[in-house]
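[1] Below are the sequence and a predicted model for it; my questions follow.
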Amino acid sequence: MYTPLPIRIFYVDSDSEHAKRVADQLASSSDPIEVTLYGEVSRALDDLANIRPDAMVMDLQTALAVASKLTHVVASACPDLCLVLRATRLDDPHIAEAMKLGATAVLAEPVEAEALLRVLHAPAPASSFQGTSRGIPSALLVTLHCASGSDGVLCFKAAGQAIGTIGIEAGQPIHASVGNLVGVEAVRVILSWPEAEVRWILGHTGCGRTIVGSWEGLLARPPGHANEHESNLSDGGLALVHPEVIEKLSRLSQTPDILGAFLLRHAQIVMGRCVSALKHELVDRALSRLAHVHHDLESMSGAQEGQEIQATCGDLRLVLDGIGPRALGFQVGVVVRQASPVCKSLRRLIRQIDRSFHRAQNRNGSVRAVA
């Protein structure tokens, strides 16, 4: 009878009680696992070349303190080692450091045995979806990891040493970062790099959401596509919107007391206009952030569709609501002056646009696939 070889793990943790608890949980699993506990990293590195474990788990800060020795020993003795790093906070700088160390996965403290087992059973780093932007288009790498329902971070290192990250949770992109840019803008910059080293780091980071909507919608518009407010109707997103919906939105933007009216998709403005006294860039940013909040509220248990969200700033009021089938990710954002007469009828006007969208969809059959 075939007996599988045990999975050998070096677990480095100065907190012996926590380390032993995780080791006991792993030992009670159905998999044959051998865990060796270390209170300090130097001893573990000394044993690494002789024993050659399958995985090593250690704190990110500890790994950074011995970075040069760690990377040298791993490269020379255990190039296929699954290096799992723990961290109390998994923000963008920590993810970038984990990439430099060659981490296979990052896990939030306190580490749970179940999360560690998921990492150990994931495809080996050499067989997961990663490569270079020249060898595999970056957008395809994002697609592969999203389509496979992965949890982790795609890390891109450009030729100029800039590092960009795209966080994916349950197959959906939730956050991206490069330099001072976050969200969709960061994704566009990353995907525009002609060359980049790419590394996939497993793990549920729990980072804050800066991207809303599906990965299909995120990749629908090409990198560098600007927010043209009077966008043409051949745009991949607008192709799903019917002419009467565009017409009603246009009439809404010309209604007295309305300072701006916009159509958004996946929290990004695709068309619309505002009065010259308002800066398009600021309106873009404000409505996009409001759209993220609206999306999260709708996703909460018990939240109902068709409920707008509002924000006020000085004498301005911003109102945002979803329109059309929710799967398509469209929203209408309106800017009005506080206490203006049109405020009382604004919800009714937006609901009229929503009904037009649904009627047009019903005439043309079921909801078309997202572009």
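    Great, that's in hand. Numbering: from 1, shown residues only.
[2] Could you use CA atoms for every contact and neighbour count after this?
    Will do.
[3] What residues does the residue lying closest to S214 once chain neighbours are set aside make contact with?
    In space, and not counting its chain neighbours, S214 is closest to Q172: 6.2 Å by Cα to Cα, 6 or more residues apart in numbering. By Cα atoms under 8 Å, 6 or more residues apart in numbering, the contact set of Q172 is 146, 149, 214-215.
[4] Wasn't I211 part of a helix?
    No: assessed with DSSP: H, G, I helix; E, B strand; the rest coil, I211 is coil; it does not lie in a helix.
[5] How much space separates it from I174?
    Here I211 is placed at a distance of 5 Å from I174 (Cα to Cα, to the nearest Å).
[6] and for the two, which residues touch both?
    Common contacts of I211 and I174 (Cα under 8 Å, 6+ apart): G183.
[7] residue contacts, S14?
    Neighbouring residues of S14 by Cα under 8 Å, 6+ apart: 38-40.
[8] ok, 6 Å please
    For S14, the contact set (Cα atoms under 6 Å, 6 or more residues apart in numbering) comprises G39.
[9] That one and E34: what is the separation?
    Noted for S14: a distance of 19 Å to E34, by Cα to Cα.
[10] Also I246?
    Taken as Cα to Cα, the span from I246 to E34 is 63 Å.
[11] rewinding a little: which one of the contacts of Q172 is nearest to I258?
    Nearest to I258 among these is S214, at 30.4 Å by Cα to Cα.
[12] which residues does T312 form a beta bridge with?
    Here T312 sits in beta bridges with R317, as judged by DSSP bridges.
[13] State the number of residues packed around it.
    13 (other Cα atoms under 10 Å).
[14] Would you check how far apart it and R209 are?
    Look at T312 and R209: by Cα to Cα, they are 22 Å apart.
[15] With only the CA atoms kept, save the biggest helix by length in the chain in PDB.
    The longest helix of the chain (DSSP state H) is helix 280-299. Only the C-alpha atoms of helix 280-299 are listed here, as PDB (Å, rounded to 0.1, in the frame of the first residue of the first chain):
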ATOM      1  CA  HIS A 280     -14.000  67.100 -13.600                       C
ATOM      2  CA  GLU A 281     -11.100  65.400 -11.800                       C
ATOM      3  CA  LEU A 282     -12.600  66.200  -8.300                       C
ATOM      4  CA  VAL A 283     -16.100  65.000  -9.300                       C
ATOM      5  CA  ASP A 284     -14.600  61.800 -10.800                       C
ATOM      6  CA  ARG A 285     -12.800  61.100  -7.500                       C
ATOM      7  CA  ALA A 286     -15.700  61.900  -5.300                       C
ATOM      8  CA  LEU A 287     -18.300  59.900  -7.200                       C
ATOM      9  CA  SER A 288     -15.900  57.000  -7.600                       C
ATOM     10  CA  ARG A 289     -15.300  56.800  -3.800                       C
ATOM     11  CA  LEU A 290     -19.100  57.100  -3.200                       C
ATOM     12  CA  ALA A 291     -19.600  54.200  -5.700                       C
ATOM     13  CA  HIS A 292     -17.300  52.000  -3.700                       C
ATOM     14  CA  VAL A 293     -19.300  52.700  -0.500                       C
ATOM     15  CA  HIS A 294     -22.500  52.100  -2.300                       C
ATOM     16  CA  HIS A 295     -21.300  48.700  -3.600                       C
ATOM     17  CA  ASP A 296     -20.100  47.600  -0.100                       C
ATOM     18  CA  LEU A 297     -23.500  48.600   1.400                       C
ATOM     19  CA  GLU A 298     -25.400  46.700  -1.200                       C
ATOM     20  CA  SER A 299     -23.300  43.700  -0.600                       C
END
